[in-house]
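> how would this look folded up:
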Amino acid sequence: MLVKRDFITLKNSDNEHLRVFHWNILCNGLAFNSFDRVPNELVEWSYRESLIVRHILDVNADIVCLQEVDKFAELMASLGHIYEGHCAMKPDGMMGCAILWRKDQIKRLSDFQSV
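Numbering: from 1, shown residues only. Next comes the predicted model:
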């Protein structure tokens, strides 16, 4: 079970809103070295992946920003029916940051370039 989060909704004068969700999902490569008191099976990707995907879907954000992403293809396999996205990896290739957007709400206007 994940921690309950409270959200605030800001609307413009036309009563429109955009929900943005940001989350550090913990790079799988760092998970086993960071939590000595947590059983390994709880930090394994095979356990965490479905929880992460379910939480992203439950939040129902228009834009999702993720840090410490090293399993982008796996996430998109589960979320690709709702979201499009891009992940920019760090130069060492270990992990990166991803941005996802709802296909039915947001249209990408140009290609991404990692700097």
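> Now for residue 39, how many residues are close by?
If you count neighbours by other CB atoms under 10 Å, residue 39 ends up with 9. Glycine gets a C-beta too; all of them are placed from N, C-alpha and C.
> Over to the one 3 residues further on?
Neighbourhood size, residue 42 [other CB under 10 Å]: 11.
> And for residue 61?
When neighbours are counted by other CB under 10 Å, residue 61 registers 21.
> Let me see the contact set for the spatially most central residue of the chain.
With distances taken as CA atoms, centre = their mean, the residue of the chain nearest its centroid is residue 66 (3.9 Å). For residue 66, the contact set (CB atoms under 8 Å, 6 or more residues apart in numbering) comprises 22, 23, 24, 25, 75, 97, 98, 99, 100.
> Beta-bridge partners for the first one, please?
Looking back up the chat, that one is residue 22. Applying DSSP bridges to residue 22 gives these bridge partners: residue 65.
> Mean confidence (pLDDT) on stretch 42-55, please.
Averaged across stretch 42-55, pLDDT comes to 92.
> Next: stretch 107-115.
74.
> ok so residue 52 is a helix residue?
Yes. Assessed with DSSP: H, G, I helix; E, B strand; the rest coil, residue 52 lies in a helix.
> what sits against the nearest residue to it once chain neighbours are set aside?
Counting by CB to CB, 6 or more residues apart in numbering, residue 52 lies nearest to residue 25, which is 5.5 Å off, once chain neighbours are set aside. By CB under 8 Å, 6+ apart, the residues touching residue 25 are 48, 52, 66, 67, 68, 69.
> top of those residues by neighbour count?
Neighbour max across those (other CB under 10 Å) = residue 69, 23 neighbours.
> Pull up the gap between it and residue 38, please.
Plainly put, residue 69 is 20 Å away from residue 38 if you go by CB to CB, to the nearest Å.
> ditto for residue 18
Note on residue 18: its distance to residue 38, by CB to CB, is 35 Å.
> And these two? Which one has more around it.
The neighbour comparison of residue 18 against residue 38 (other CB under 10 Å) goes to residue 18, with 14 against 11.
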